[in-house]
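> Here is the input, now give the coordinates:
(one chain, ligands or ions: 2)
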Amino acid sequence: MKPSIILYKALPDDLQQRLAEHFTVTQVANLKPETVQQHAEAFATAQGLLGSSETVDAVLLEKMPQLRATSTVSVGYDNFDVDALNARKILLMHTPTVLTETVADTIMALVLSSARRVVEVAGRVKAGEWTSGIGADWFGVDVHHKTMGIIGMGRIGLALAQRAHFGFGMPILYNARHHHTEAEARFQARYCDLNTLLKESDFVCLVLPLTEETHHLIGKAQFAMMKKSAIFVNAGRGPVVDENALVEALQNGEIHAAGLDVFEKEPLPVDSPLLSLPNVVALPHIGSATHETRYNMAACAVDNLIDALNGKVEKNCVNPQVVG
Ligand SMILES: NC(=O)C1=CN([C@@H]2O[C@H](COP(=O)(O)OP(=O)(O)OC[C@H]3O[C@@H](n4cnc5c(N)ncnc54)[C@H](O)[C@@H]3O)[C@@H](O)[C@H]2O)C=CC1
Ligand SMILES: O=C(O)C(=O)CO
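Ligands and ions are numbered 1, 2, ... in the order given. A predicted model of the protein is given here:
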């Protein structure tokens with residue numbers, strides 16, 4: 001008999017078919033308590049769980065006593081209670097690598113659009129304000145050859161450094177938990193402590209996972225250390241930044257501008273003060289959102305679940321130690 005799984009995300013037809021070849025699939029809209037209750041039997045017998053963005057905590061796991069593997073269509077897994085999964089020896093699979101280059105492209109888009117005020121001035125053109133030659137009030141600031149500081153030199157940080165170094169001639173500073181010899185050799189990236197990075201960078205780019213350690217890592221004191229001309233970019237996770245402190249830093253001119261793909265609360269509330277600041281480019285968490293990459297992530301997540309339920313955890317597994 002095929003193992004049963006819960007699918008809580010719409011997938012392309014061919015991937016849905018691939019899942020159905022291996023599993024008995026129950027598709028649900030989300031993992032809200034009402035949904036779980038409505039499909040109680042399917043949750044009670046499911047050995048696998050595949051989807052993205054929803055919270056997977058100890059309360060949900062209690063409803064899934066047979067669960068052996070979860071597969072998220074994302075590289076970040078801060079929405080999972082990993083301790084609770086480990087305690088039950090449930091595997092957690094994720095999708096690193098397939099999205100790396102696309103997310104690095106998005107970060108460069110944020111760097112360029114916030115520095116050159118692309119969104120703001122394009123809006124002024126559409127509003128009919130371009131009626132004569134433009135003056136300094138339409139100007140931005142240069143990106144090329146400015147110093148880029150990368151907080152979190154992992155897969156995406158490295159792909160960002162590559163773009164900034166080879167494409168824009170930017171000196172790279174970075175902070176991470178370990179020295180990154182590849183970044184140092186290929187891009188002459190210089191390791192520095194966080195405070196030095198904040199003080200010396202023209203662009204401060206955050207590509208960190210959300211953990212207990214990184215929660216509100218960047219707050220009032222950190223914005224105060226940045227240059228007044230600094231542009232702050234966050235494409236990691238919203239809660240790594242104290243958003244009230246960010247708003248204050250932007251309003252008080254402590255930093256020049258911000259480019260943001262992630263927020264403390266998503267979707268960003270329509271009354272967020274960030275939305276009324278002209279020096280903020282706010283995107284709806286589109287780091288990996290291209291047709292190609294979202295397909296590749298979904299395909300990777302499907303393969304990951306098939307592998308995990310067959311005991312194969314050589315790649316894309318967050319907690320392979322729970323096997324055996
Ligand atoms: N905006 C978006 O759509 C996307 C956002 N992300 C976010 O980007 C994060 C990074 O992804 P990858 O580069 O693939 O992960 P990765 O695991 O390769 O890199 C993370 C880096 O952060 C460093 N790090 C972790 N804790 C740290 C700390 N306390 N201080 C300094 N450095 C620390 C690690 O050493 C590592 O170098 C994901 O966890 C996710 O939250 C990822 C994909 C898309
Ligand atoms: O993969 C992730 O972690 C995202 O944030 C979306 O691609």
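> in which helix or strand would I find the residue in the stretch 101-250 of the chain that ligand 2 sits nearest to?
Scanning the stretch 101-250 of the chain for the residue nearest ligand 2 gives V103, at 6.9 Å (criterion: C-beta to the nearest ligand atom). Using the backbone N, CA and C atoms, a C-beta is placed for each residue, glycine as well. Using DSSP states H and E, V103 falls within helix 100-115.
> Need the phi and psi values for V56.
phi -120, psi 100 (degrees, to the nearest 10).
> give me the number of residues near the nearest residue to L67 once chain neighbours are set aside?
Using C-beta to C-beta, 6 or more residues apart in numbering and skipping the chain neighbours, the partner closest in space to L67 is I90 (5.3 Å). I90: 23 surrounding residues under other C-beta atoms under 10 Å.
> Distance-wise, check the closest residue to ligand 1 within the stretch 51-200 of the chain relative to H178.
Relative to ligand 1, the nearest point of the stretch 51-200 of the chain is G154 (1.7 Å; C-beta to the nearest ligand atom). According to C-beta to C-beta, to the nearest Å, G154 and H178 sit 10 Å apart.
> ok, the residue of the stretch 51-200 of the chain closest to ligand 1 - how many residues close by?
G154: 18 neighbours (other C-beta under 10 Å).
> and I107, what pLDDT?
With respect to pLDDT, I107 scores 99.
> Tell me how far it lies from V59.
For I107 relative to V59 (C-beta to C-beta), the value is 35 Å.
> So which of those two has more stuff around it?
Ranked by neighbour count (other C-beta under 10 Å), I107 and V59 place I107 first, with 28 against 12.
> residues touching that one, list them.
156, 160, 205, 207, 233, 235, 261, 287 (C-beta atoms under 8 Å, 6 or more residues apart in numbering).
> Quick check on the first one: phi, psi?
Per-residue torsions, I156: phi -70, psi -40 (degrees, to the nearest 10).
> tell me the contacts of it?
100, 103-104, 107, 207, 235.
> right, and P3 touches L309 too?
Yes. With contacts counted by C-beta atoms under 8 Å, P3 reaches L309, the gap being 5.7 Å.
> Now for the two: what residues contact both?
22-23, 47-48.
> List the ones among those residues that fall in strands.
Secondary structure defined by DSSP state E assigns G48 of these to strands.
> If you rank the shared contacts of P3 and L309 by neighbours, which is first?
Most surrounded of the shared contacts of P3 and L309: other C-beta under 10 Å gives G48, at 28 neighbours.
> Who does that residue form a beta bridge with?
For G48, the beta-bridge partners under DSSP bridges are I5, A69.
> For the most centrally placed residue in the chain, which non-adjacent residue is spatially closest?
Compute the mean C-alpha point of the chain, and by C-alpha atoms, centre = their mean the closest residue is G236, 4.3 Å away. Distances taken as C-beta to C-beta, 6+ apart place L208 nearest to G236, at 4.3 Å, with adjacent residues excluded.
> residue contacts, that neighbour?
Counting by C-beta under 8 Å, 6+ apart, L208 touches 151-152, 214, 217, 236-237, 240.
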